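Asker: compute the structure for the input listed below.
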Amino acid sequence: MKLNELRDKEGATHSRKRLGRGIGSGSGKTAGRGVKGQKARSGVAINGFEGGQMPLYRRLPKRGFKNPFSKSFNAVSLGRIQTAVDAGKLDAKEVVTAEALIKAGVIRRPLDGVRVLSDGELKAKLSFDVAGASKAAVEKIEKAGGSVKLPEPVVPVKKMVKKAK
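Answerer: Predicted coordinates:
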């Protein structure tokens, strides 16, 4: 094959639609835009516009509340961790943290931390350093001979003031 013989595969390129080249071309005169009006012009942005009437999205009441302080945790089951240990992806001698779980491919990204749930069985003796764990998960981990280190709960300022009195 020579450079001058190089070609795209059959059907890979499409010829451009030539607009406004006479009525006989099939896309002449209005060039496929229909007739007059706002949509026939260029620079149209009328999504949600109702001809001056108050749009539906403004007529309906606002609902709900988005907590700006909410946290999003990765929920990981004990069964999933045990399969990672069995596969040799997670070292039983190391402390199980968010970074270790990412390295093992159990979770993709750390988010606001990892929360361990009790689904499945845990046979390996593991020590966890995670953001949270369910009571049942802590019981299963300790039953298997492991330990769980959880962060100290944050006491709100209002409660601290009441205790001082």
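
Asker: for this structure, what spans make up the strands?
Answerer: With DSSP state E applied, the chain shows strands at 74-77, 95-96, 114-117, 127-129, 132-133, 147-149, listed in chain order.

Asker: what helices and strands are in contact with the last one?
Answerer: Identification of packing neighbours for strand 147-149 by 3 or more C-beta pairs under 8 Å, 6 or more residues apart in numbering; DSSP states H and E yields strand 127-129, helix 135-143. Where C-beta positions appear, they are placed from N, C-alpha and C, glycine not excepted.

Asker: can I get these in TSV including distance to Lys93, mean neighbour count and mean pLDDT?
Answerer: What follows is these, written out as TSV (distance: least, C-beta to C-beta, whole Å; neighbours: other C-beta atoms under 10 Å; pLDDT from 0 to 100):
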stretch	distance to Lys93	mean neighbour count	mean pLDDT
strand 127-129	9	18	95
helix 135-143	15	15	94
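
Asker: nearest to Gly120, of the ones you listed?
Answerer: Among those, helix 135-143 comes nearest to Gly120, with 8.8 Å by C-beta to C-beta.

Asker: now the closest one: how far from the chain's centre is it?
Answerer: Its chain's C-alpha centre lies 29 Å from the corresponding centre of helix 135-143 when counted by C-alpha atoms, centre = their mean, to the nearest Å.

Asker: same deal with stretch 67-74?
Answerer: Taking C-alpha atoms, centre = their mean, the mean C-alpha location of stretch 67-74 is offset from the chain mean by 13 Å.

Asker: mean confidence score for that stretch?
Answerer: Model confidence over stretch 67-74 averages 93 on the pLDDT scale.

Asker: who's in contact with that stretch?
Answerer: Ala98, Leu101, Ile107, Arg109, Pro110, Leu111, Asp112, Gly113, Val114, Arg115, Ala131, Gly132 (C-beta atoms under 8 Å, 6 or more residues apart in numbering).

Asker: Serialize these to JSON lines and add fields for pLDDT and distance to Ala124.
Answerer: Compiled in JSON lines, the contacts of stretch 67-74 are given as follows (pLDDT from 0 to 100; distance: C-beta to C-beta, whole Å):
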{"residue": "Ala98", "pLDDT": "94", "distance to Ala124": "18"}
{"residue": "Leu101", "pLDDT": "95", "distance to Ala124": "14"}
{"residue": "Ile107", "pLDDT": "95", "distance to Ala124": "18"}
{"residue": "Arg109", "pLDDT": "93", "distance to Ala124": "24"}
{"residue": "Pro110", "pLDDT": "88", "distance to Ala124": "22"}
{"residue": "Leu111", "pLDDT": "92", "distance to Ala124": "24"}
{"residue": "Asp112", "pLDDT": "94", "distance to Ala124": "26"}
{"residue": "Gly113", "pLDDT": "93", "distance to Ala124": "22"}
{"residue": "Val114", "pLDDT": "95", "distance to Ala124": "17"}
{"residue": "Arg115", "pLDDT": "96", "distance to Ala124": "19"}
{"residue": "Ala131", "pLDDT": "94", "distance to Ala124": "21"}
{"residue": "Gly132", "pLDDT": "94", "distance to Ala124": "20"}
